[in-house]
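Asks: how would this look folded up:
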Amino acid sequence: MTSYFLQRLIQSIAVLLAVSVVVFFAVYGIGDPIELLVPPQASAAERLALIKRLGLDQPVWSQYFTFLGNALSGNLGTSFVHGVPVVSLILGRLPATLELVLLSMITATVVSVPLGLYAGLNPDSRPSRIIMAGTVIGFSLPSFWKGMMLVLLFSVWLGWLPTAGRGETVTALGMQTSLFTLDGLKHLILPTLNLAIPNTVLMVRLIAAGAAEATTQDYVKFARAKGISRRRIVRRHILRTILIPVVTVVGIEFGSLVAFSTITETVFSWPGMGKLLIDSIYQLDRPVVVAYVMLTTLLFVGVNLLVDVLYAALDPRVKLSGGMT
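Replies: You can find the predicted model right below:
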């Protein structure tokens with residue numbers, strides 16, 4: 001166990017270091033933020049002073065090593081635009097993104113498990129064919145189009161739900177959240193649905209394929225021969241088998257949504273991390289972009305480790321060393 005975690009720790013550090021090099025040099029090689037930050041009427045002396053204050057007068061390799069040294073102490077830099085530490089800026093947007101992602105993953109899981117099981121266990125029925133056809137449509141449509149259609153239907157035509165923003169929030173556990181106000185929940189519905197749709201259809205197809213394959217396995221046939229009820233076979237054998245790939249998808253997609261829910265947050269003007277990233281790219285706020293990518297990479301590394309541990313817990317054949325018994 002100890003050697004496994006040490007190996008993963010070394011791999012994680014190597015990944016973070018490689019990502020830092022690629023992202024830093026890529027971001028710092030595009031555009032000139034001074035052109036956006038300095039007003040046209042500023043003098044040459046004021047312009048040079050700002051360049052020096054931001055450290056942009058140093059060679060890019062020197063800027064990178066300065067960034068790396070500061071990052072080891074938890075300092076990922078200061079935003080060019082907002083003038084505050086980027087870590088606090090990003091973490092300030094994290095609660096809005098987290099509540100959106102958590103609700104969308106819960107929605108996707110709750111909907112996909114029964115639909116996927118039904119489609120996999122009854123592949124020739126008409127409802128199953130409708131479900132599988134719906135997954136193709138849901139996965140094919142782009143997120144921005146689905147978001148605009150949701151706004152058009154539920155906000156413009158029906159007038160049931162608000163179009164954008166986070167709504168009324170309250171403080172819980174030291175964070176602002178929309179989960180405990182009626183207005184906040186109304187604002188959550190549309191972006192949650194937009195994020196949940198692609199993950200729902202992905203998991204429905206995954207669960208359906210797993211359930212259909214599991215019904216052909218010898219242990220399921222043996223259970224049927226013993227006279228065990230169909231419901232118990234599904235609950236104790238088939239469901240347990242298909243939970244393994246579902247856990248993988250949930251873990252990976254959770255990290256992906258936290259990191260890259262940019263389209264949904266932009267369409268619905270949701271004040272989360274994704275919208276911050278888009279705004280920072282437009283404003284050439286380099287420290288925010290680099291720090292964002294580094295923090296999301298760290299999130300992916302942690303999620304992957306958690307998924308590996310859950311794999312071992314769900315399937316005793318999986319060893320922590322990565323092999324099979």
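Asks: how far does the longest helix belonging to the chain sit from the chain's center?
Replies: For the chain, the helix with the greatest residue count under DSSP state H is helix 86-121. Distance of helix 86-121 from its chain centroid, counting by CA atoms, centre = their mean, to the nearest Å, is 8 Å.
Asks: swap in stretch 82-98?
Replies: 16 Å.
Asks: Quick one: residues in contact with that stretch.
Replies: Contact with stretch 82-98 is made by 74-79, 166, 175-178, 258, 261, 265, 270-276, 285, 287-288, 291-292, 295, as judged by CB atoms under 8 Å, 6 or more residues apart in numbering. All C-beta atoms are positioned from the backbone trio N, CA, C, and that covers glycine.
Asks: circling back to that earlier point, buried residues in the longest helix of the chain?
Replies: Neighbour-count burial for helix 86-121 flags 86-87, 89-90, 93, 95-101, 103-105, 107-109, 111-113, 115-121 (criterion: 16 or more other CB atoms under 10 Å).
Asks: Tell me which helix or strand comes right after it.
Replies: helix 126-140 (DSSP states H and E).
Asks: Can you name every helix or strand that that following helix contacts?
Replies: Judged by 3 or more CB pairs under 8 Å, 6 or more residues apart in numbering; DSSP states H and E, the packing partners of helix 126-140 are helix 86-121, helix 182-214.
Asks: What residues does residue 199 make contact with?
Replies: Contact analysis of residue 199 by CB under 8 Å, 6+ apart lists 104-105, 108, 112, 249, 253, 257.
Asks: I meant residue 36, not that one.
Replies: Neighbours of residue 36 in contact, by CB under 8 Å, 6+ apart: 283-284.
Asks: what does residue 182 give?
Replies: Neighbour list for residue 182: residue 168 [criterion: CB under 8 Å, 6+ apart].
Asks: and if you look at residue 299?
Replies: When the contact criterion is CB under 8 Å, 6+ apart, the partners of residue 299 are 255, 258-259.
Asks: How about the secondary structure of the spatially most central residue of the chain?
Replies: Nearest to the mean C-alpha position of the chain, by CA atoms, centre = their mean, lies residue 257 at 1.8 Å. With DSSP: H, G, I helix; E, B strand; the rest coil as the basis, residue 257 sits in helix.
Asks: Isn't it up against residue 105?
Replies: Yes. Counting by CB atoms under 8 Å, residue 257 touches residue 105, with 7.2 Å between them.
Asks: Any stretches of the stretch 151-300 of the chain with poor pLDDT?
Replies: Residues of the stretch 151-300 of the chain meeting the criterion pLDDT under 70: none.
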